[in-house]
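Participant: have a look; sequence and predicted model below, questions after that.
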Amino acid sequence: MAAGKSSCDWRFDSGRPCLDLVATGIGTTGACELLDCAERLADWLVAAGLVPGGTRLDVVDETWVVRFRQLRTGVDRLLTAELGGRGAGSALERVNALAAEAPPGLRAVRGRNGKLVRTLSADPECGALLAAVARDAVELLTDPVARAGLRRCEADNCRRVYLDTSRGRRRRWCSGEVCGNRERVARHRRRAAAVAMPDTAVAVPDTAAAVRDAAVPTPDAAVP
């Protein structure tokens with residue numbers, strides 16, 4: 001399996017590799033499991049920039065998928081705990097354990113056009129790539145400035161966590177082009193529906209006045 005152009009329409013709106021990994025899970029955008037096989041995981045590793053394009057990824061198998069999903073769960077729980085001001089428990093220990101491993105080594109080699117290109121210094125290993133993502137999570141959550149920019153998407157059907165680096169940090173959605181556009185379209189439709197609604201107000205009779213009128217005898221009905 002050669003790492004080349006991804007066959008999936010991956011999104012990398014979150015701002016960090018560890019957040020992009022969490023975004024592949026079920027329920028983050030209302031979508032299904034994105035890392036559902038070894039081939040998908042290999043695609044994601046290249047698209048996320050964790051391995052250079054052209055790297056042979058024949059070693060990626062279902063055990064890699066299971067381990068990356070486990071890391072994803074740990075990072076997700078850790079992020080949720082941080083955003084909620086709670087302790088992360090065993091999730092922090094798992095992420096720290098993976099981050100303690102060495103990440104992949106890199107080297108520069110001459111490409112076909114004579115320019116330097118990035119490549120791995122050894123065959124890709126699952127533990128090393130897990131370490132790269134886990135270290136990114138540790139660096140993110142121990143950086144006060146970056147941690148203060150963590151947000152959860154405000155769209156109705158999205159729970160992605162993203163890093164808000166916008167001016168004034170007023171970003172509301174993980175992606176203005178995706179979730180932001182959906183919310184704007186939905187808001188426009190609601191407004192259009194409200195304008196199109198006919199005036200259905202119905203006059204309500206004054207029953208109290210009717211009772212009072214019935215209780216007062218008219219001159220014609222007076223008893224002599």
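Facilitator: In hand now; what should we look at?
Participant: does residue 153 really touch residue 159, like I thought?
Facilitator: Yes - using Cβ atoms under 8 Å, residue 153 makes contact with residue 159 at a distance of 6.5 Å. Every residue, glycine included, has its C-beta placed from N, CA and C.
Participant: neighbour count winner among those two?
Facilitator: residue 153 (25 against 17; other Cβ atoms under 10 Å).
Participant: in contact with that one, which residues?
Facilitator: 159-162, 172-174, 179 (Cβ atoms under 8 Å, 6 or more residues apart in numbering).
Participant: what's the closest non-adjacent residue to it?
Facilitator: residue 174 (4.1 Å; Cβ to Cβ, 6 or more residues apart in numbering).
Participant: and what about the one you found, helix, strand or coil?
Facilitator: coil (DSSP: H, G, I helix; E, B strand; the rest coil).
Participant: quickly note the distance from it to residue 150.
Facilitator: 12 Å (Cβ to Cβ, to the nearest Å).
Participant: without its sequence neighbours, what residue ends up closest to the spatially most central residue of the chain?
Facilitator: Computing the C-alpha centroid of the chain and ranking residues by Cα atoms, centre = their mean puts residue 160 first, at 1.8 Å. Excluding the flanking residues, the one nearest residue 160 by Cβ to Cβ, 6+ apart is residue 174, at 4.0 Å.
Participant: just say helix, strand or coil for the nearest residue to residue 26 once chain neighbours are set aside.
Facilitator: Taking Cβ to Cβ, 6+ apart, and ignoring the residues beside it in sequence, residue 26 has residue 33 as its nearest neighbour in space, at 5.1 Å. Put simply, residue 33 is coil when judged by three-state DSSP.
Participant: my read is that residue 33 contacts residue 23, right?
Facilitator: No - contact criterion Cβ under 8 Å: residue 33 and residue 23 do not qualify, at 12.0 Å.
Participant: quick one: which of these two has more around it?
Facilitator: The neighbour count for residue 33 versus residue 23, taken as other Cβ under 10 Å, is higher for residue 23 (25 against 13).
Participant: do you know how far the more buried one is from residue 174?
Facilitator: 8 Å.
Participant: hey, what's in contact with both of these two?
Facilitator: With Cβ under 8 Å, 6+ apart as the test, residue 23 and residue 174 both reach 13-14, 160-161.
Participant: can you redo these as JSON lines with distance to residue 100 and pLDDT?
Facilitator: Converted to JSON lines, the shared contacts of residue 23 and residue 174 look like this (distance: Cβ to Cβ, whole Å; pLDDT from 0 to 100):
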{"residue": "13", "distance to residue 100": "29", "pLDDT": "83"}
{"residue": "14", "distance to residue 100": "24", "pLDDT": "87"}
{"residue": "160", "distance to residue 100": "27", "pLDDT": "86"}
{"residue": "161", "distance to residue 100": "24", "pLDDT": "89"}
